[in-house]
Structure formats: structure tokens, C-alpha cells
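Q: Kindly generate the corresponding structure for this input.
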Amino acid sequence: MRLQIDNEYDKLEAVMVHRPGGEIDRLTHDCMRQFLFEDIPFLRRLQDEHDAFVAAMRGRGVDVVYLEHFLLDICRDDASRSSLIDQVCTAEAVPAIADDLKDAGKFSPEALVEMMFAGMTAAEFYSATGQRSAVNVDDAHFLLPPIPNSYFSRDPAVVVRGSVVSSKMHFQERVRETILVRAVLEHHKDFRDDVIAFGSSNAPREDRPFTIEGGDILILSDESILVGASERTRGETIELLASKLFQDGSIKRVYEIPIPAERAFMHLDTVFTILDRGTVLWFPEVMRGLSGVMRYEADGASDNVTAKRIADDRLFENILSDEFGTKLTAIDTGGGSKHFAPREQRMDGTNALAIAPRVAITYERNERTIAAMEEAGVECIRIEGSELVRGLGGPRCMTMPLRRSSQMSAK
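A: Numbers count the residues shown, from 1 in each chain. This is a model prediction of the structure:
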């Protein structure tokens, strides 16, 4: 699987997703907020909407692959299975159950993959092994909690140019998502020759508290990226990431974009996405007139490159114009309406996925945003999202692009 992402808008050729499964049915009124949900989706309809989303991408020639299929291959290989289980059980503080999970006679590869997403209660562990876990808990207690956010494939890892940034999730409830994706990248035959530039399993310094999530990373060009300093991504991590990318030689400039550290704006891509060279979609209340951007550039000799932090006195829109090399076209969420802009931002109207220059997938419910996009010459592929949006994520959130065409859009 060749990985190459040089920007956010060239023709999308390959993408990884996760089809939501039994982990969604673990949500209850009592636990949904713990798992970062504010409502309980209807699983069957959620899957129907996700299937339609995948069909829309495939209908435009995108190769869509599933994380769970790669994980199944991992769990059929003894060494890879063992490594994955050790990492998961360590992260969840249940090392005592690791040996049982490694026993294929107790947990088939298929059952193990399902469990990695849906979790496992003490009662389910007893049913599979005939013994109680070492933890003194009631039957309903999760030895492995579910990970219902895992259909938001954007956050665990991001391809930047020809290498990968493996994320470090802010909330413990999402840490396993990174472990699963990283296991595929490091152990699956289709990926293991690819470079993890940041966050590999043998780089402990690049771990908590250095949190960063994929929704905050946008690839501006083949020389620069934007990273949101947000609720989920720390400024210290951005500086560390910049140093690694400069050492890797893949990027020349990293911009740290400050956005409010609030759940409503959890990632940069909830308030800003790129649809083509020089064309962006943004939530004006946060992004228009934004200042206080920090720019990182490489400093030092090639064998000891660090990131030099520079206060950039340009407005954000001027930075974009300069980087794109063209006048900026900024499309306002909700058409800029003071009433509908925050309403449609909340429903991920800003979180559109560009699958080609000026061609984007978006939720059909965001009618005023779609009208503004179409007026600016953007083709909108509408998908249903009444259940998908309950997790507070849109089409961009649900995808991990693996490869875009090398052809740049027309200048």
C-alpha cells in the first residue's frame, strides 16, 4: 500500500475506514458521556449511513479499505497478535488477562477483533475462559472498555507526504484506537515498510502527555502543514512533531493554529477544511480574522535539526493566501448566517471531505453550507448523517486518507 498525501484536495485514491459495530450498542445513558457521546445512535441505521458513505466514495473511484480487515490478518499471526494484546492490556491496566487473550483456542481471531472494538465485560471473560479475572469486579464491569469513537478514522493516524503521524489521544477512552491503527502500520505486510515519522511504538518520548489527534492536522501543501492547538492537541506536541518532520525532511513549515479549547471546536477540522488550492470552508466566528499563529521552521545542522518557534504576525487568511500562492476564497459555514452557521457547524457542516479539487462529501442536512459551497463552484456529494453525526464528526472525521494522486489541481 503506497502512502502519499501532499495536500487535502488532490484526487483521493485510497482511504481507510472502520465500519461501526457492536461498540455502539455498549452506549447507555449512564456511560455515553464518559465515551464522548451526547446521544445514543441507532446502530443498524448508523451502519446503513456509513455503508452509503463508503459507496459514495467508491462510486468516485476511491479504493476504500477497512481497518478491521487488516486487524484480522494481524490477529492470525502469533507474533503480531501477541504484541497487539500486550500493548492493549498494558494501556487498559489489565495485564493479567493477556495470556488468555493470546490463546486462539479461547478467542478466535474474529472474536478478538470484535472484542478490540466492542470491549469485554468480566462476565464475557468468564464465559470464554471459565475463570474469573484477577480483578474483583461485578459481571458487568468492562475489563476492556468499548471504543465507540473508532468510526472516526481520522484521529488515530495521519499520512503526511510519504510518512505517518501516529496520534496520542487526549482522552484515555480513545487510546486503543491509536494502538490498533499503529499495530496495522507496524506489522501488516501491506504497511510495515512505511515510515512512522512520529509516534511509533518504540518512541516513548512521543507519548502522553504529548497529545495530538488527527483532526487537528491539515496538509496545506507539499511543504507545509497546519496543526490546531485545541482541546485535544498540545502546543508542546506540535513543536515536537515539527522537529521530527523536519528531521524526516518531509515538511519545511509547520503552523500552530490556536482555536478555542472547547468541545464544540474539538479539532481544527471542525471549524476549517480545505476544498482546493486557495479554496477553504471555515466557521467564521472562530477563523475569520484569526491571529496569534506560531510558525515552526527547521533550525540547526542536518544531523541535529530542531524546530524554531516564530510568532507569525500575519492574519490566518494572509498565511493561507501566501502558502497557496493565490487569492483566498473562504466559504462560510451556514452561508455566514449568525443563526445557521453555529447550528450547521455543530452538525459538522464544516467537516467536509474533499475527494478531488472542488469536489466534497458532506452531510445533506447542512443545506445552507451546501448552498454557499455550490455558489463558490464546489460540487457537493450529499450523504445522510442523522445517526453518524451523533458522535460529533463528519465525512472528514470518518476517513484516514492513504493516497491522493500526485497531480496538483489547476492553478
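
Q: Surely Trp128 and Lys106 touch.
A: Slight slip there: residue 128 is Ala, not Trp. Yes: here Ala128 reaches Lys106: they are 5.3 Å apart, a contact under Cβ atoms under 8 Å. Just so you know, the C-beta spots here come from the backbone N, C-alpha and C atoms, and that holds for glycine as well.

Q: intersection of neighbour lists for these two?
A: Asp100 (Cβ atoms under 8 Å, 6 or more residues apart in numbering).

Q: Need the per-residue pLDDT for Asp348.
A: Looking at Asp348, its pLDDT stands at 96.

Q: Helix or strand for the residue found closest to it once you drop the neighbours it is linked to in the chain, just tell me which one.
A: Spatial nearest neighbour of Asp348, excluding adjacent residues (Cβ to Cβ, 6 or more residues apart in numbering): Gly394 at 3.1 Å. Following DSSP states H and E, there is no helix or strand that holds Gly394.

Q: wait, Gly394 sits on Ala360?
A: No: Gly394 lies out of contact with Ala360 (Cβ under 8 Å); the separation is 10.4 Å.

Q: quick one, which of the two is more surrounded?
A: With neighbours defined as other Cβ atoms under 10 Å, Gly394 and Ala360 compare such that Gly394 has more, 29 against 25.

Q: From start to finish, how long is stretch 226-244 in a straight line?
A: Using Cα to Cα, to the nearest Å, one end of stretch 226-244 lies 15 Å from the other.

Q: Same check on stretch 257-277?
A: Chord length of stretch 257-277, first to last residue, is 19 Å (Cα to Cα).

Q: pLDDT averaged over it - what is it?
A: For stretch 257-277, the mean per-residue pLDDT is 94.

Q: List the buried residues in it.
A: Within stretch 257-277, the residues scored as buried using 16 or more other Cβ atoms under 10 Å are 257-259, 265-277.

Q: ok, Thr129 - contacts?
A: With Cβ under 8 Å, 6+ apart, Thr129 has these contacts: 100, 106.

Q: Let me see the backbone angles for it.
A: Dihedral angles of Thr129 (phi, psi; degrees, to the nearest 10) stand at phi -110, psi -20.

Q: Next one: it relative to Tyr363, how far apart?
A: Computed as Cβ to Cβ, to the nearest Å, the Thr129 to Tyr363 distance reads 43 Å.

Q: swap in Asn318?
A: Taking Cβ to Cβ as the measure, Asn318 falls 31 Å from Tyr363.

Q: Which one of those two is surrounded by more residues?
A: Neighbour count, other Cβ under 10 Å: between Asn318 and Tyr363, Tyr363 has more, with 26 against 14.

Q: nearest spatial neighbour of that one, skipping sequence neighbours?
A: Per Cβ to Cβ, 6+ apart, closest to Tyr363 is Gly385, 3.7 Å.

Q: Touching, that neighbour and Gly394? I think so.
A: Yes: with contact defined as Cβ under 8 Å, Gly385 reaches Gly394; the gap is 7.2 Å.

Q: what's the overlap in contacts for the two?
A: 348, 363.

Q: Tell me how many other residues crowd Ser406.
A: Neighbour tally, Ser406, other Cβ under 10 Å: 11.

Q: which SS class is it?
A: With DSSP: H, G, I helix; E, B strand; the rest coil as the basis, Ser406 sits in coil.

Q: Would you mind measuring from it to Ile219?
A: Note on Ser406: its distance to Ile219, by Cβ to Cβ, is 13 Å.

Q: what about the strand or helix carrying Arg368, average pLDDT?
A: Per DSSP H and E, Arg368 falls inside helix 367-375. Mean pLDDT, helix 367-375: 98.

Q: what's it packed up against?
A: Using 3 or more Cβ pairs under 8 Å, 6 or more residues apart in numbering; DSSP states H and E, the elements in contact with helix 367-375 are strand 329-332, helix 340-346, strand 359-363, strand 379-383.

Q: Going by residue numbers, what spans are helices in this protein?
A: Secondary structure of the chain (DSSP state H): helices located at 43-59, 67-75, 78-91, 98-102, 109-118, 122-129, 175-187, 235-248, 284-287, 316-324, 340-346, 367-375.

Q: Distance to Ala229 for those - can I get that in TSV?
A: TSV is the format used below for these (distance: least, Cβ to Cβ, whole Å):
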stretch	distance to Ala229
helix 43-59	29
helix 67-75	28
helix 78-91	25
helix 98-102	36
helix 109-118	30
helix 122-129	40
helix 175-187	19
helix 235-248	5
helix 284-287	13
helix 316-324	13
helix 340-346	19
helix 367-375	25
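
Q: among those helices, which is the most enclosed?
A: Mean neighbour count (mean count of other Cβ atoms under 10 Å) peaks for helix 175-187 among these, with a mean of 23.

Q: can you list the domains in the protein?
A: The record's domain parsing of the chain by automatic domain parsing lists 12-64+148-404, 70-144.

Q: okay, those in TSV with distance to Asp6 next?
A: TSV is the format used below for the domains of the chain (distance: least, Cβ to Cβ, whole Å):
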stretch	distance to Asp6
domain 12-64+148-404	4
domain 70-144	24
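
Q: got a list of what the nearest residue to Asn366 once chain neighbours are set aside touches?
A: Nearest non-adjacent residue to Asn366, counting by Cβ to Cβ, 6+ apart: Gly349, 3.5 Å away. Neighbouring residues of Gly349 by Cβ under 8 Å, 6+ apart: 333-334, 362-363, 366, 368-369, 394.

Q: now do Arg368
A: So Arg368 contacts 334-335, 337, 340, 344, 349 (Cβ under 8 Å, 6+ apart).

Q: Does Arg192 touch Val184 like I think?
A: No: the pair Arg192 / Val184 is not scored as a contact, 9.0 Å apart, by Cβ under 8 Å.

Q: which residues do the two both contact?
A: Here Arg192 and Val184 have no joint contacts, going by Cβ under 8 Å, 6+ apart.

Q: which residues do Gly394 and Ala360 both contact?
A: What both Gly394 and Ala360 touch, as defined by Cβ under 8 Å, 6+ apart, is the set 352-353.

Q: Any figure for the gap between the nearest residue to His267 once chain neighbours are set aside and Phe265?
A: Excluding the flanking residues, the one nearest His267 by Cβ to Cβ, 6+ apart is Gly215, at 3.0 Å. Using Cβ to Cβ, Gly215 is found at 11 Å from Phe265.
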